[in-house]
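1. Whatever this is, show me its structure:
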Amino acid sequence: MESGDPESPEDGDPEEDTAAALQRLVGLTAGRVAAVRSLATRYRLLRKLGSGSYGRVLLARPRQGGPAVALKLLRRDTVLRATFLREFCVGRCVSAHPGLIRTLAGPLQTPQHFAFAQEYAPCGDLSGLLQERALPEPLVKRVAAQLAGALDFLHGRGLVHADVKPDNVLVFDPACSRVALGDLGLTRPEGSPAPAPPQPLPSAPPELCLLLPPDTLPLRPALDSWGLGVLLFCAATAGFPWDVALAPDPGFEAFAGWVTTRPRPPRPPPPWDRFAPPALALLQGLLDLDPQARSPPLAILEFLGDDWGLEGDRQEAGGSGRGPSEGEGDEEEGGSDLEEWTEGEEEAEEGGGGRKTGTDGGTPSSDD
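-> A predicted model of the protein is given here:
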């Protein structure tokens with residue numbers, strides 16, 4: 001944390017639990033959100049990096065100078081102010097770990113958006129790397145080790161990421177020398193109520209997929225272990241093992257049938273038969289159907305010296321070519337056009353009338 005920031009939970013009462021410490025930090029930060037008429041007063045907006053139901057992420061360069069950043073915008077008519085503050089505060093508290101994307105100081109709000117800056121990953125996300133082909137074994141292991149350390153760091157601080165998937169792994173170079181877990185929007189203190197996914201997700205564990213609204217389960221680190229296991233399968237194969245971890249999904253039924261049959265068949269079903277025994281043992285531990293028996297993320301470290309049997313280049317991989325350097329091509333797509341577009345969008349939305357129902361299950365909070 002920088003000297004101008006509110007204290008982190010670790011600076012407070014040693015007996016204070018994570019949920020209470022986070023709530024206290026959110027309260028301290030609420031008064032430090034700078035209100036600006038337009039994001040263009042603080043940043044030169046260069047181009048869009050991504051978008052979703054939450055809002056969008058823009059590549060931007062601070063007006064006062066410095067490296068380009070990823071500026072995350074959350075629409076104020078769909079995101080509660082407390083939700084924005086929690087994501088920002090969690091990000092600031094865990095930014096010390098290189099396996100977690102770094103959230104920068106200076107949260108903002110405009111008439112239509114909440115916004116905060118994060119470090120920019122020039123090579124995009126892991127799902128983009130997997131569009132063409134699976135990663136070679138050295139890169140799979142490199143990604144696995146970094147994410148295991150990041151999740152262990154989170155879990156050691158009483159937090160559960162709750163959204164581990166390739167889309168949320170940011171890549172800084174083609175060789176995956178550094179990757180970082182991002183999107184902390186669903187990160188909550190351990191024990192927080194977790195609802196069923198709003199739609200079938202291949203990265204969600206079966207205990208969560210079985211929930212029927214309004215039932216919830218307490219968040220546990222085992223949820224992240226499952227997500228990490230699915231992610232490693234994706235990195236090694238460039239595809240998900242199933243559409244949803246429930247019957248009658250054929251991919252999940254084949255896997256569940258194999259791991260629960262006693263005595264277990266000597267060979268796993270396709271596509272699991274492409275993995276060597278050490279990799280299979282690792283994946284079985286992370287993807288144990290019983291969340292109480294699931295391996296912790298750091299179990300990966302026990303298998304890094306083994307042959308995982310992955311096809312393709314077994315030599316130490318240095319990446320598939322030169323990745324974009326920071327800011328390369330930034331000026332071509334953005335500049336004043338994007339700034340004018342963003343300001344015009346905000347003015348149009350502001351003149352469009354009342355607020356909409358928020359995605360958190362209610363209208364935005366009154367302190368918006």
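2. Longest helix of this protein, counting residues only.
-> helix 137-156 (DSSP state H).
3. Can you give me the buried ones in that one?
-> 137-155 (16 or more other Cβ atoms under 10 Å). To be clear about C-beta, it is placed using only N, CA and C from the backbone, and glycine gets the same treatment.
4. Could you list every helix and strand in contact with it?
-> Applying 3 or more Cβ pairs under 8 Å, 6 or more residues apart in numbering; DSSP states H and E, we find helix 137-156 packed against strand 179-181, helix 221-237.
5. got the CA coordinates for the last one in CSV?
-> If I follow you right, that is helix 221-237. Extracted in CSV, the C-alpha atoms of helix 221-237 (Å, rounded to 0.1, in the frame of the first residue of the first chain):
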residue,chain,number,x,y,z
PRO,A,221,-10.6,-22.3,-1.3
ALA,A,222,-11.6,-25.7,-2.8
LEU,A,223,-13.7,-23.7,-5.3
ASP,A,224,-10.5,-22.1,-6.6
SER,A,225,-8.7,-25.5,-6.7
TRP,A,226,-11.4,-26.8,-9.0
GLY,A,227,-11.1,-23.7,-11.3
LEU,A,228,-7.3,-24.1,-11.4
GLY,A,229,-7.7,-27.8,-12.4
VAL,A,230,-10.0,-26.9,-15.2
LEU,A,231,-7.7,-24.0,-16.3
LEU,A,232,-4.7,-26.4,-16.5
PHE,A,233,-6.7,-28.8,-18.6
CYS,A,234,-7.5,-25.8,-20.9
ALA,A,235,-3.9,-24.7,-21.1
ALA,A,236,-2.8,-28.2,-22.0
THR,A,237,-5.5,-29.0,-24.6
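6. next helix or strand past that helix?
-> Using DSSP states H and E, the next helix or strand after helix 221-237 towards the C-terminus is helix 250-260.
7. distance between the helix or strand following that next one and the chain's centre?
-> Note on helix 250-260: by DSSP H and E, the next helix or strand toward the C-terminus is helix 277-286. Mean-position distance between helix 277-286 and its chain equals 23 Å (Cα atoms, centre = their mean, to the nearest Å).
8. Stretch 143-158 too?
-> 12 Å.
9. what do you get for stretch 26-46?
-> Counting by Cα atoms, centre = their mean, stretch 26-46 comes out at 23 Å from the chain centroid.
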